[in-house]
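J.: 3D, please:
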Amino acid sequence: MGQPNKISWGSCQERAFNALKENLISDPILKLPELNKAFILRSDASETGLGAVLLQKQEGVKLPIAYASRKLLHREQNYSVILKECLALVWGIVKFHTYLFGREFVLETDHQPLIYLNKAKVANARLMRWALTLQPYRFRIEAIRGSENVGADYLSRM
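T.: As a prediction, this is how the structure comes out:
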């Protein structure tokens, strides 16, 4: 019969312990923002949720400053793809208002039609309201490949 309170320590526990030690001594996953540098916002929508990642280029590498996600409301789940993607973009900007308001930033999206959002005439009332919400912000929209948008994509599916 084994001793009470004896811990079984094998190779699996040793690997987990070493990984934990490595994470504790390595750079943090989130970086502190440098307020004198531009921000980058990536957003995405799925059938069930929205995701956004706030990034900043530091030492030539885009590093995460903050993450956010939320579940779509039942009525929002019925939106078309472009409306969901636009909602993710607007929600991400509002979510990170503290970082983005009053400074220029870049919106990166893997949904090509959104590139023309601030240039096209909008007939949809909801899109028009969202466009009005975005007017106080100074940004440009850039297209990225879906493979580059993994952070926001993952968050939208959680």
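
J.: going forward, measure contacts between C-alpha atoms and count neighbours the same way
T.: Fine.

J.: list the contacts of residue 157.
T.: Under the criterion of C-alpha atoms under 8 Å, 6 or more residues apart in numbering, the contact list for residue 157 reads 45, 46, 47, 48, 49, 50, 51.

J.: let's see it at 7 Å
T.: Taking C-alpha atoms under 7 Å, 6 or more residues apart in numbering, we find residue 157 in contact with 46, 48, 49.

J.: any idea how far it is from residue 145?
T.: Computed with C-alpha to C-alpha, to the nearest Å, the distance linking residue 157 and residue 145 is 18 Å.

J.: that older thread, residue 110: which of the contacts of residue 157 is nearest?
T.: Distance to residue 110, by C-alpha to C-alpha, is smallest for residue 46 among the contacts of residue 157, at 12.3 Å.

J.: the closest one reaches residue 154, doesn't it?
T.: No - applying C-alpha atoms under 7 Å as the test, residue 46 and residue 154 come out as separate, 9.2 Å apart.
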